[in-house]
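Colleague: how does the following fold in three dimensions:
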Amino acid sequence: MAELNQTPSGMRIHIGFFGKTNSGKSTLINALAGQEVSIVSPEPGTTTDPVYKAMEIAPIGPCMLIDTAGLMDETTLGEVRREKTEKVAEVCDVAVIVSEEDEPVGMQGLIDVFNRNHTTIIYACGQKRDDIDSIRKNIIEAARKVSEPDLLRGMVSPGDLVMLVMPQDKQAPKGRLILPQVTTLRSLLDVHARTICVTPEEMESALEELKSPPKLIITDSQVFDYVFKRTPEKSKLTSFSVLYAGLKGDVSVYTRGAEAMEQLKPGDTVLVAESCTHAPMEEDIGREKIPAMLRKQVGGDIFVEIVAGKDFPEDLTKYNMILQCGGCMANRRQIMNRIRMAEEQGVPITNYGIAIAWLKGILGKIER
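Modeller: Residues are numbered from 1 along each chain as shown. The predicted model follows:
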């Protein structure tokens, strides 16, 4: 039950600590956290892989503190560590640069990444490294300015009736709800909406028992067409994945990307980008179902490549389309960075829910 009470990593403020080997990053993190999050040692290169610590920092709330491997590491593993550190840089909301000198040296590449992604930079350099209270204050001030869009985007008002149509199939974890469903339920409670939850099989009978149709129906994108055909004329329709398209990414970019699927042809290559690292399941939505829909759409075979977790190619030009998952396990900065890369390289990008809605011919008839 403990995991039900924990804020998912993708919904936490990501605060990364960067600097040369033995610059004091781990010591600073431990002081800020009030506990031993990272191992501290005078030996160079003690931190070899990024260390993630989920915690609460008042008054910010849920945070993810990330200790990174030291830069300017001349060992044989130095280049690998730098690559991992740069991956962390791409997802940070706040970056703390730790340096013994008053001016950090050898970190211009990272600073360029932060500036490109509009990441707030906090400098803990020289004697300022020891002023923990001041650094904490600066981090809190920067983190409090980080905000995510409203999941429901004004679709629901207090007192509205909302129906959630949620399949309980092989991809639904036994005894639990998937994260987008949990997040949506919490958002509906926060806006004081009334909610009824059903499976697709129960939808029609539940609608018949209601005195008036729901203001909004939210469903899983995999049953979009089934639910669309049974949605009352006065009810609006969307999906959990479409809601996440706006929460984590950019709906307008995703919509253009979905419409670009009309240009796909046999032999094209599609990149499927998953933000989690779950073991593939039978009838997986991203690995099997959407590619099958695309092959039917183009009238021939297409090549599908899959990346998971934080993996994402730097060179996207070999792909004709990118299909991004809802991103429930990623933070918004990570997804927006992928969108930026795709747009800069001229590759259409969309997400699962928006793509399915277009493939089913109902994109223009749902709430986005």
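Colleague: in the stretch 51-200 of the chain, which spans are helices?
Modeller: 78-89, 108-116, 132-144, 179-190 (DSSP state H, counting those that start in this stretch).
Colleague: can you check the pLDDT for the residue at the greatest distance from the centre of the chain?
Modeller: Within the chain, residue 211 marks the point farthest from the mean C-alpha position, 37.9 Å out by C-alpha atoms, centre = their mean. Residue 211 is assigned a pLDDT of 94 by the prediction.
Colleague: what's the answer for residue 73, then?
Modeller: Per-residue pLDDT puts residue 73 at 64.
Colleague: cool, and residue 46?
Modeller: 51.
Colleague: nearest to residue 14, out of the helices of the stretch 51-200 of the chain?
Modeller: Proximity to residue 14, assessed across the helices of the stretch 51-200 of the chain by C-beta to C-beta, is greatest for helix 78-89 (8.4 Å). Just so you know, the C-beta spots here come from the backbone N, C-alpha and C atoms, and that holds for glycine as well.
Colleague: quick one: distance of the closest one to the chain centre.
Modeller: Distance of helix 78-89 from the chain centroid (C-alpha atoms, centre = their mean, to the nearest Å) equals 20 Å.
Colleague: stretch 276-296 too?
Modeller: Centroid displacement of stretch 276-296 relative to its chain, using C-alpha atoms, centre = their mean, is 19 Å.
Colleague: and the end-to-end length of that stretch?
Modeller: The first residue of stretch 276-296 is 27 Å away from its last residue (C-alpha to C-alpha, to the nearest Å).
Colleague: list the buried ones in it?
Modeller: 284, 285, 286, 287, 289, 290, 291, 293, 294, 295 (16 or more other C-beta atoms under 10 Å).
Colleague: distance of residue 299 from residue 272?
Modeller: According to C-beta to C-beta, to the nearest Å, residue 299 and residue 272 sit 20 Å apart.
Colleague: okay, the two: which has more neighbours?
Modeller: Ranked by neighbour count (other C-beta atoms under 10 Å), residue 299 and residue 272 place residue 272 first, with 21 against 8.
Colleague: and residue 339, what does it touch?
Modeller: Residue 339 is in contact with 249, 250, 253, 324, 349, counting by C-beta atoms under 8 Å, 6 or more residues apart in numbering.
Colleague: do that again at 6 Å, thanks
Modeller: Applying C-beta atoms under 6 Å, 6 or more residues apart in numbering to residue 339 gives the contacts 249, 250, 253, 349.
Colleague: hang on, the earlier thing: which SS class is the residue farthest from the centre of the chain?
Modeller: Three-state call for residue 211 (DSSP: H, G, I helix; E, B strand; the rest coil): coil.
Colleague: the spatially most central residue of the chain - nearest residue in space that isn't next to it in sequence?
Modeller: In the chain, the centroid-proximal residue (C-alpha atoms, centre = their mean) is residue 330; its distance is 2.7 Å. The shortest distance from residue 330 to any residue other than its chain neighbours is 3.8 Å, reached at residue 275 (C-beta to C-beta, 6 or more residues apart in numbering).
Colleague: confirm for me that the one you found is in contact with residue 324.
Modeller: No. Using C-beta atoms under 6 Å, residue 275 is not in contact with residue 324; the gap is 7.9 Å.
Colleague: between these two, which one's more packed in?
Modeller: Higher neighbour count among residue 275 and residue 324: residue 324, with 29 against 22, using other C-beta under 10 Å.
Colleague: any idea how far residue 308 is from that one?
Modeller: Distance of residue 324 to residue 308, given as C-beta to C-beta: 12 Å.
Colleague: residue 59 too?
Modeller: Counting by C-beta to C-beta, the separation of residue 59 from residue 308 is 35 Å.
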